[in-house]
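Peer 1: Have a look at this prediction, sequence included:
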Amino acid sequence: MKPRNRELLALIPAALLLTAGLTAVFVQQSNRLSTGALVYGAVFLGLCLAGHIFIRIALPDADPYIFPLVAVLACFGLVMIYTIAGTTYARQQAQWFVIGLLLLGLTVVICRDYRKLEEYRYLIMIVSLVLLVLPRVPGLGEQVNGAYLAIKLPGIAFQPTEFAKIGLVVFLASYLRDNRQALASGRKVLGYRVPPLKQLGPVLLLWGMAMVLLILLHDIGSSLMFYGGLLAVLYVATNRGSFVLVGTIAFAVGSWYLATHIAHIDYRVEAWLHPFRQSLYDAPLGSFQLANAQFTMAQGGLFGQGFGQALLTIPGGHLPYLPAAQTDMIFAVIVSELGLYGGGGLLICYLLLVWRGFKTATLARDSFSKLMATGLSAIVALQVFVIVGGVTRVIPLTGVTLPFVSYGGSSILANFVLVALLLLVSDRARRQVQA
């Protein structure tokens with residue numbers, strides 16, 4: 001079967017998943033079947049078919065599994081957002097999904113020859129750095145739960161860090177393509193090869209930037225995501241595990257130092273280590289949100305309680321039992337309603353998406369394509385790890401969104417741009433392999 005036909009068939013289960021999920025929600029809410037679920041499923045399938053037709057025409061040799069996996073994640077998110085926050089939020093998320101599809105097409109058209117991005121790598125880096133610091137601009141940035149991740153424009157809140165991550169990966173891929181040999185060789189000092197400072201300078205600059213992000217944004221997750229992407233691309237470019245080891249130690253030492261000197265980061269770490277300390281409602285070192293996330297997930301067991309059964313508000317009142325359930329805590333709700341198996345199934349979808357991204361990187365023949373696909377795939381993997389790890393207390397909780405599942409327009413749009421770049425690389429790589 002041809003790749004595009006496999007992609008077409010793979011989109012059908014995504015639409016059926018949305019239809020079945022909404023049907024289960026409607027039955028739970030009103031104890032009757034509704035034709036609304038069929039309508040929503042048909043509309044979602046129509047949107048996916050439109051995206052498929054565009055990819056079939058513009059990128060006939062692209063990976064046939066990336067777009068269907070994105071569709072599965074998106075419909076999963078739509079169902080969960082509807083159960084958590086109702087029709088208004090679900091409709092807004094669906095609108096962002098449509099705009100994301102249009103942005104995917106626009107990215108493919110504009111960046112058809114994506115290798116020209118190399119010519120603007122320093123401009124891309126500067127724009128990305130500006131986007132990162134925008135949330136700290138007085139009157140523009142917005143502080144949420146102690147972290148500075150969003151800027152507030154008239155009628156909308158926007159997270160520029162979502163787009164900055166893509167720009168930094170493009171810059172790193174371009175820079176390391178030209179300097180990987182110098183970084184990999186270097187000269188021996190005490191039996192170890194040390195790369196020249198000229199080539200190592202920008203890498204050290206990005207390490208410093210990760211530390212500055214901790215200071216400016218008060219957010220561990222964003223720093224870990226950016227820096228982890230740097231190490232992934234650096235390892236693939238140089239094939240030197242020592243860079244990863246030294247880089248990991250440097251990040252750990254820097255994070256420890258800043259965590260002991262910045263009150264908000266220290267609070268996050270203490271809340272992670274001791275979420276159940278004293279009263280969860282007013283203790284300065286306790287985490288009401290994180291503690292309740294553990295209780296919520298435990299209620300789900302292996303198979304879950306069913307759609308709409310997660311405890312989201314405190315009984316007898318209207319206060320949220322699980323704050324930010326549709327954004328930061330959506331994975332906890334998924335595990336509560338669909339169980340450990342449902343949460344594991346979602347993570348498998350992410351693993352498959354990341355695997356197809358790395359598969360694209362292995363097929364690419366030019367260094368820039370290989371490094372960019374590696375970096376973009378690593379960013380997705382790290383973003384999932386950061387938010388799921390925070391909810392499950394593997395690492396301190398942060399405000400990073402779950403790609404394509406959490407509610408949020410900037411996340412959806414940025415990730416569709418990321419997917420468009422992966423599809424462009426995949427189309428070129430697979431065409432070269434077949435030639």
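Peer 2: Received it, and whenever you're ready, just let me know what you need.

Peer 1: Now name the helix or strand holding residue 149.
Peer 2: Residue 149 belongs to strand 147-153 when elements are defined using DSSP states H and E.

Peer 1: and that strand, how far from the chain's centre?
Peer 2: With CA atoms, centre = their mean, to the nearest Å as the basis, strand 147-153 stands 17 Å off its chain's centre.

Peer 1: Please give me every residue in contact with residue 375.
Peer 2: 169, 172-173, 229, 232-233 (CB atoms under 8 Å, 6 or more residues apart in numbering). Every C-beta, even on glycine, is put in place using the N, C-alpha and C of the backbone.

Peer 1: Not counting sequence-adjacent ones, nearest residue to it?
Peer 2: Using CB to CB, 6 or more residues apart in numbering and skipping residues adjacent in sequence, the residue nearest residue 375 is residue 169, 3.6 Å away.

Peer 1: Equivalent analysis for residue 8, please.
Peer 2: Nearest residue to residue 8, sequence neighbours excluded (CB to CB, 6+ apart): residue 52, at 5.7 Å.

Peer 1: what helix or strand is the one you found on?
Peer 2: Short version: residue 52 belongs to helix 36-58, going by DSSP H and E.

Peer 1: got the CA positions of that helix in PDB?
Peer 2: Provided in PDB are the C-alpha atoms of helix 36-58 (Å, rounded to 0.1, in the frame of the first residue of the first chain):
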ATOM      1  CA  GLY A  36     -23.900  15.500  18.100                       C
ATOM      2  CA  ALA A  37     -21.000  13.100  18.600                       C
ATOM      3  CA  LEU A  38     -21.400  11.800  15.000                       C
ATOM      4  CA  VAL A  39     -21.500  15.400  13.600                       C
ATOM      5  CA  TYR A  40     -18.400  16.400  15.500                       C
ATOM      6  CA  GLY A  41     -16.600  13.200  14.400                       C
ATOM      7  CA  ALA A  42     -17.600  13.800  10.800                       C
ATOM      8  CA  VAL A  43     -16.400  17.400  10.900                       C
ATOM      9  CA  PHE A  44     -13.100  16.400  12.500                       C
ATOM     10  CA  LEU A  45     -12.600  13.700   9.800                       C
ATOM     11  CA  GLY A  46     -13.300  16.300   7.200                       C
ATOM     12  CA  LEU A  47     -10.600  18.600   8.600                       C
ATOM     13  CA  CYS A  48      -8.200  15.700   8.700                       C
ATOM     14  CA  LEU A  49      -9.000  14.800   5.100                       C
ATOM     15  CA  ALA A  50      -8.400  18.300   4.000                       C
ATOM     16  CA  GLY A  51      -5.000  18.200   5.700                       C
ATOM     17  CA  HIS A  52      -4.300  14.800   4.100                       C
ATOM     18  CA  ILE A  53      -5.200  16.000   0.600                       C
ATOM     19  CA  PHE A  54      -2.800  19.000   1.100                       C
ATOM     20  CA  ILE A  55       0.000  16.700   2.200                       C
ATOM     21  CA  ARG A  56      -0.700  14.300  -0.600                       C
ATOM     22  CA  ILE A  57      -0.300  17.100  -3.200                       C
ATOM     23  CA  ALA A  58       2.500  19.200  -1.600                       C
END
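
Peer 1: Tell me the buried residues in that helix?
Peer 2: 37, 40-41, 44-45, 47-48, 51-52, 54-56 (16 or more other CB atoms under 10 Å).

Peer 1: Pull the residues that contact it.
Peer 2: Helix 36-58 has contacts (CB under 8 Å, 6+ apart) with 4, 7-8, 11-12, 14-16, 18-20, 22-23, 26, 62, 67, 71, 75, 78, 94, 97-98, 101, 104-105, 108-109, 423.

Peer 1: And for stretch 70-89?
Peer 2: By CB under 8 Å, 6+ apart, stretch 70-89 touches 11, 13-15, 17-18, 21-22, 25, 44, 48, 51, 90, 93-94, 97, 307-308, 310, 312, 325-326, 330, 333-334, 337, 346, 349-350, 353, 402-407, 412, 415-416, 419.

Peer 1: buried ones in stretch 346-362?
Peer 2: For stretch 346-362, burial by neighbour count (16+ other CB under 10 Å) applies to 346, 349-350, 353-354, 356-361.

Peer 1: got JSON lines for these, with secondary structure, distance to residue 137 and pLDDT too?
Peer 2: Listed next are these as JSON lines, based on DSSP: H, G, I helix; E, B strand; the rest coil; distance: CB to CB, whole Å; pLDDT from 0 to 100:
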{"residue": "346", "secondary structure": "helix", "distance to residue 137": "36", "pLDDT": "95"}
{"residue": "349", "secondary structure": "helix", "distance to residue 137": "37", "pLDDT": "95"}
{"residue": "350", "secondary structure": "helix", "distance to residue 137": "33", "pLDDT": "97"}
{"residue": "353", "secondary structure": "helix", "distance to residue 137": "34", "pLDDT": "96"}
{"residue": "354", "secondary structure": "helix", "distance to residue 137": "33", "pLDDT": "96"}
{"residue": "356", "secondary structure": "helix", "distance to residue 137": "38", "pLDDT": "96"}
{"residue": "357", "secondary structure": "helix", "distance to residue 137": "33", "pLDDT": "96"}
{"residue": "358", "secondary structure": "helix", "distance to residue 137": "36", "pLDDT": "95"}
{"residue": "359", "secondary structure": "helix", "distance to residue 137": "40", "pLDDT": "95"}
{"residue": "360", "secondary structure": "helix", "distance to residue 137": "36", "pLDDT": "95"}
{"residue": "361", "secondary structure": "helix", "distance to residue 137": "36", "pLDDT": "95"}
